[in-house]
Each structure stands twice: as structure tokens, then as C-alpha cells.
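Student: The following comprises the amino acid sequence and a computationally predicted model.
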Amino acid sequence: MAEKMIENNRVSVIGEIVSEFSFSHEVFGEGFYMVDLSVNRLSEQADVIPLMVSERLMDVHKDLRGSTIEAVGQFRSYNRHEGVKNRLMLSVFAREIRLLDEFTDYTRTNQIFLDGYICKPPIYRKTPLGREIADLLLAVNRPYGKSDYIPCISWGRNARFASGFTVGTRVRIWGRVQSREYTKKLSETECEKRVAYEVSISKLECGEESDQ
């Protein structure tokens, strides 16, 4: 059953380690650590994606900055308490890791598949230049009654299609994990730069219907 559930959340990223490992938490004596992975886009930009790694998968006490790795796992979320509010935190939970000596095929550096349910009404809007965008929040079930809540963004005809989804609609998504900087207003005089993580959708299916 657990193996079947994992099929609804699959991510594969290839990139360069750009930070040291920092301790996150421990489960039954197994330590988990966070590290940042810089993943190139086909454009000149790169996404810096947080990766959660078990100390049993790789040597987390080494400084591996500059190493290229392939990580396969799941995109996961958890709520971090900040004062009276909760903040949704996202990271790629690595199940397999492979060190790569050389890598050249940048068409497959960042791939994700999600099969989940719409848990908030989609937010549809247009940019000043008329580009259509729809923001979705997808609940993806894990084994043992847990769920991950994954923000997703769609464009153009996918955005028009997604704007009609209702809460509870089952949706399958293919795309890539992306990072995006934004400014959070803390008070009238204070602002803070933050990074949001989301799935940029390239293909979208609702129920048995395909939009391709």
C-alpha cells in the first residue's frame, strides 16, 4: 500500500550542492539534514531547491559544495510555527541520491509528477501584459493519513482550464519545482525578502479528462 501511495508524488532533480548540510530533525535515531541544490533551467536562470537528506544516504558531515548530484524522492510540506501563524515550508525529501561526475543533458534536470486533490478554490488572474495565471493548492496523500500541501502555478490555456476546478477535484500534474523570491510586508515600515517554492505546471489532467 505504501509503495502505491508514493507513486502519487515523484520528483527528480539534478543540480549542484551550494550550501553546507544543516541538521533538521531525527526519527528513530536516523538524522535528517537540509542542503540547498542549485538546479539549472533551460534559460540562464537556476532554481535553488531545499533538499532533505538522511545521514544514511550520504556523508552529511562533509562539505560537498560544488558536487553535482541526482536526487529522487517526493515534494513534501510541513507547517512551521512563527508566532501566532503557521508558515508552509516545502522541500524535496530524497529517497535516492547519486553523485554525478559530469552532466550535460539539462532537459531533464527537474521533473515532478503529482496526483492529488484541489483543497482551495483556484486563484485566476491576468498579468498587466495579459498573461493568464492560475494558482492551485494541491493536497497529495501520504501513507498513514498524512498529506502534503503543494502550491502549483499554471499558465495560458492550463490556467483557464484550472480556473474552473472546484475543491475536491482530483488533478494530475506534470511540471518542475521552482523557487521564486518575493517581498513580505511585516509592518508599515518593515519588509523581508523570502523565497517561495511551487510547482510550475507543464501538463495538467483532471479526472479522466486530458487537456493535452
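Tutor: Arrived safely, thanks for sending.
Student: Tell me which residues touch His25, please.
Tutor: By Cβ atoms under 8 Å, 6 or more residues apart in numbering, His25 lies in contact with 31-32. (Glycine included, C-beta is placed from N, CA and C.)
Student: Against Tyr117, how distant is it?
Tutor: From His25 over to Tyr117 the distance is 27 Å, taken as Cβ to Cβ, to the nearest Å.
Student: Could you do Asn40 as well?
Tutor: Counting by Cβ to Cβ, the gap from Asn40 to Tyr117 is 32 Å.
Student: Over to Asn141?
Tutor: Separation of Asn141 from Tyr117 (Cβ to Cβ) stands at 8 Å.
Student: With Val199 instead?
Tutor: 15 Å.
Student: neighbour count winner among those two?
Tutor: Under the criterion of other Cβ atoms under 10 Å, the comparison of Val199 against Tyr117 puts Val199 first, with 24 against 16.
Student: and the nearest residue to the more buried one once chain neighbours are set aside, what is it in contact with?
Tutor: With Cβ to Cβ, 6 or more residues apart in numbering as the criterion, Val199 has its nearest non-adjacent residue at 4.3 Å, and that residue is Cys152. With contact taken as Cβ under 8 Å, 6+ apart, Cys152 is in contact with 114, 135-138, 173, 175, 198-201.
Student: Would you reformat those as CSV and include pLDDT, distance to Glu96 and secondary structure?
Tutor: Formatted as CSV, those follow (pLDDT from 0 to 100; distance: Cβ to Cβ, whole Å; DSSP: H, G, I helix; E, B strand; the rest coil):
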residue, pLDDT, distance to Glu96, secondary structure
Leu114, 97, 18, strand
Asp135, 96, 31, strand
Leu136, 97, 28, strand
Leu137, 97, 28, strand
Leu138, 97, 23, strand
Ile173, 97, 22, strand
Gly175, 96, 21, strand
Glu198, 96, 23, strand
Val199, 97, 20, strand
Ser200, 96, 23, strand
Ile201, 97, 25, strand
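Student: Arg170: how many residues sit nearby?
Tutor: By other Cβ under 10 Å, 14 other residues sit near Arg170.
Student: per-residue confidence at it?
Tutor: As summarised for this prediction, Arg170 has a pLDDT of 96.
Student: Where does Leu37 sit, in terms of helix or strand?
Tutor: Of the helices and strands defined by DSSP states H and E, Leu37 is found in strand 30-40.
Student: which strands and helices sit next to the helix or strand following that strand?
Tutor: Using DSSP H and E, the helix or strand that follows strand 30-40 towards the C-terminus is strand 46-54. Other helices and strands packing on strand 46-54, by 3 or more Cβ pairs under 8 Å, 6 or more residues apart in numbering; DSSP states H and E, are strand 9-17, strand 30-40, strand 68-82, strand 85-100, strand 170-185, strand 191-206.
Student: which residues does the nearest residue to Ser67 once chain neighbours are set aside form a beta bridge with?
Tutor: Nearest residue to Ser67 in three dimensions, chain neighbours excluded: Ile17, at 5.0 Å (Cβ to Cβ, 6+ apart). Each beta-bridge partner of Ile17 is listed here, defined by DSSP bridges: Leu37.
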